[in-house]
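Chemist: need a structure here:
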Amino acid sequence: ASPGYCWPFHGSRSVVLIRLPTQIRLTAITIQHTSNIVCPLRTVSSAPRDFTVSVTPLCFICKGLDDEGEDETLLGNFTYTVLEEPTQTFPLQKGTSRAFRFFKLGIRSNWGKPGYTCIYRVQVHGKTVGRNAIGPMHV
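Modeler: The predicted structure follows:
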């Protein structure tokens, strides 16, 4: 997590749809940003602050992103805290008995950087269901 080697996006709000390698019954998500100790200006204002996690079946993609929310299941609202460790894991607030191939990360705000928000790593935790192209998966 070297400063500047991140996934940046414009502004303080964004949504990304991530395709997983196989269907997974999600239980938690981990977000990583760089530490303020290694940042040249000693600030991590580009870190995400408030974010949501939701899951969606494949048919949501087929219909297009204009039908937002129709088949989406919200799994929680969270806050990444810059005063804690750079890598933070958030147990999902709302469980689901279904496994999904896609999840949606919605960044709602950052810690004050007006031009962009950076994420260094996103990890999901859960139980796999089925197989991927190369065999059984473990997450």
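Chemist: going forward, measure contacts and count neighbours with C-alpha atoms only.
Modeler: Fine.
Chemist: show me the shaky parts of this protein.
Modeler: Applying pLDDT under 70 to the chain flags residues 1-4, 35-43, 58-70, 130-139.
Chemist: mind listing the helices for the protein?
Modeler: Secondary structure of the chain (DSSP state H): helices at 58-63.
Chemist: pull the longest strand from it.
Modeler: Secondary structure assigned by DSSP state E gives strand 14-32 as the longest strand of the chain.
Chemist: give the buried residues for stretch 96-111.
Modeler: Judged by neighbour count (16 or more other CA atoms under 10 Å), stretch 96-111 contains these buried residues: 99-111.
Chemist: would you mind pulling the contact partners of it?
Modeler: Counting contacts by CA atoms under 8 Å, 6 or more residues apart in numbering, the residues outside stretch 96-111 that touch it are 12-26, 44-58, 75, 82, 117, 128-129.
Chemist: can you tell me which of the buried residues of stretch 96-111 end up in strands?
Modeler: Taking DSSP E as the definition of strands, these contribute 100-107.
Chemist: what's across from the most centrally placed residue in the chain in the sheet?
Modeler: With distances taken as CA atoms, centre = their mean, the residue of the chain nearest its centroid is residue 105 (4.1 Å). The bridge-partner assignment for residue 105, based on DSSP bridges, gives residue 16, residue 53.
Chemist: and it, how far from residue 77?
Modeler: From residue 105 over to residue 77 the distance is 10 Å, taken as CA to CA, to the nearest Å.
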